[in-house]
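Chemist: structure, please.
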Amino acid sequence: MFSMQNVAFRDVNSPARLPAPAIARAARILDVVAAAESPVGVSQIARQALLSKSSAHALVTALVAEGLLTPSLKGYRLGGRLAHLGARARDQRMQTVAERVLAGMSAQLAETALFGRVEGTRVHILARTESERSLSLSAPVGSTVPLMAGALGKAYLTTLSKSEARSFLSSHQPHRYTERSVTDVASYLREVQTASEQGFASERGEYLPGIAAVASAIPWSASTYLLWAVGIDATIDDSRMESLGSALRDAAAEIRRQLENEGEPAERNAS
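Modeler: Numbering: from 1, shown residues only. Down below sits the predicted model:
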């Protein structure tokens with residue numbers, strides 16, 4: 001029994017097995033800490049990660065210095081930097097899937113489509129596909145737009161319960177961007193209800209004069225993502241608006257389906 005354990009210990013710590021063994025050892029330490037329900041001490045980390053105590057201590061010290069672990073009174077927990085990296089990894093995975101889905105339906109949309117994540121009162125644009133028509137919008141990838149801009153706010157509120165939506169609007173009064181902006185809370189909530197029933201929100205000139213937009217929300221893990229399309233209001237009649245909204249609703253569902261099939265974390269339940 002001792003011989004088998006000793007061979008395993010030498011095997012997983014052998015520099016010949018991996019070009020960068022320290023990275024593999026650090027990854028095992030992070031796995032051990034992530035699996036624990038309470039802070040983990042160096043001795044336990046060394047034992048479970050199959051490391052000598054001195055190696056474990058050196059690697060733990062380095063991981064703390066990089067913000068990947070954080071010390072507590074009883075041991076170590078995962079560091080805040082990992083949360084940031086996890087969020088970026090989720091964004092990149094979502095972006096890859098969204099771009100793939102949008103590329104497959106570009107002919108159907110024929111309008112500028114954007115994809116972003118809700119960050120407080122802003123939406124961070126992660127991806128964008130251009131319209132076949134000439135539509136110049138100052139909303140490049142990496143920039144942000146107001147969450148309550150036109151259809152975006154309505155789509156976002158469909159992910160909340162009615163009481164949560166009312167509470168949100170009590171502290172985030174709809175802004176008057178144009179003369180068409182809906183600023184009355186009761187009227188705004190009625191439009192949110194309509195958006196919830198049909199699977200997408202829509203607006204005409206409520207954020208930018210002469211621009212129509214449709215949007216659909218994708219609640220996922222601990223975040224909410226938004227998929228929206230914008231075009232020239234005069235070229236989009238009611239039938240076209242309905243068609244665009246249905247296309248975005250289906251695209252949002254397809255993004256969720258592909259993520260589920262690829263083993264991404266379960267989506268956050270909307271109330």
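
Chemist: ok, now which ones touch residue 234?
Modeler: Listed by CB atoms under 8 Å, 6 or more residues apart in numbering, the contact partners of residue 234 are residue 210. Using the backbone N, CA and C atoms, a C-beta is placed for each residue, glycine as well.

Chemist: quick one: contacts for the residue nearest to residue 175 when sequence neighbours are not counted?
Modeler: Spatial nearest neighbour of residue 175, chain neighbours left out: residue 148 (5.5 Å); criterion: CB to CB, 6 or more residues apart in numbering. Contacts of residue 148 were listed using CB under 8 Å, 6+ apart, and they are 121, 172, 174-175.

Chemist: residue 68 now?
Modeler: Here residue 68 is in contact with 26, 30, 78-79, 81-82 (criterion: CB under 8 Å, 6+ apart).

Chemist: can you tell me the closest non-neighbouring residue to it?
Modeler: With sequence-adjacent residues excluded and distances taken as CB to CB, 6+ apart, residue 68 is closest to residue 79, at 4.8 Å.

Chemist: quick one: that neighbour from residue 108, how far?
Modeler: Here residue 79 is placed at a distance of 44 Å from residue 108 (CB to CB, to the nearest Å).

Chemist: ditto for residue 214
Modeler: Distance from residue 214 to residue 108, by CB to CB: 13 Å.

Chemist: following element in sequence after the helix or strand of the chain with the lowest mean pLDDT, please.
Modeler: Here the helix or strand of the chain ranked lowest by mean pLDDT, DSSP states H and E is helix 2-12, holding a mean of 39. Sequence order places helix 21-35 as the next helix or strand after helix 2-12, per DSSP states H and E.

Chemist: of residue 79 and residue 108, which one has the most company?
Modeler: Shown here are residue 79 and residue 108; by other CB atoms under 10 Å, residue 79 has more neighbours (20 against 13).

Chemist: in this structure the more buried one contacts residue 67, no?
Modeler: Yes - at 4.6 Å, residue 79 and residue 67 qualify as touching, with contact defined as CB atoms under 8 Å.

Chemist: just the helices in the stretch 151-271 of the chain please.
Modeler: Taking DSSP state H, counting those that start in this stretch as the criterion, the stretch 151-271 of the chain contains helices spanning 151-157, 162-171, 185-198, 238-261.

Chemist: select only the buried ones of the contacts of residue 148 in ChimeraX?
Modeler: The buried subset of the contacts of residue 148, as determined by 16 or more other CB atoms under 10 Å, is captured in ChimeraX by this line:
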select :174
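
Chemist: out of the contacts of residue 148, who's nearest residue 223?
Modeler: Among the contacts of residue 148, residue 121 lies closest to residue 223 (CB to CB), at 14.6 Å.

Chemist: give me the number of residues near residue 219?
Modeler: Applying other CB under 10 Å, we find 20 residues neighbouring residue 219.

Chemist: beta partners of it?
Modeler: Beta bridges link residue 219 to residue 224 when assigned by DSSP bridges.

Chemist: next: residue 115.
Modeler: residue 127, residue 227.

Chemist: residue 125 is in contact with that one, correct?
Modeler: Yes - applying CB under 8 Å as the test, residue 115 and residue 125 come out as touching, 7.4 Å apart.

Chemist: more neighbours: which of those two?
Modeler: Using other CB under 10 Å, the more surrounded residue of residue 115 and residue 125 is residue 115, with 26 against 19.

Chemist: residues in contact with residue 177?
Modeler: Residues near residue 177 by CB under 8 Å, 6+ apart: 149-150, 206-208.

Chemist: and residue 159, how many neighbours?
Modeler: 20.

Chemist: ugh, wrong one, residue 158
Modeler: If you count neighbours by other CB under 10 Å, residue 158 ends up with 23.

Chemist: same check, this time on residue 183
Modeler: Neighbour count for residue 183, taken as other CB under 10 Å: 13.

Chemist: pull the contacting residues for it.
Modeler: The neighbourhood of residue 183, defined by CB under 8 Å, 6+ apart, consists of 173-176.

Chemist: hmm, back to that, highest neighbour count among the contacts of residue 177?
Modeler: Highest neighbour count within those, by other CB under 10 Å: residue 150, with 29 neighbours.
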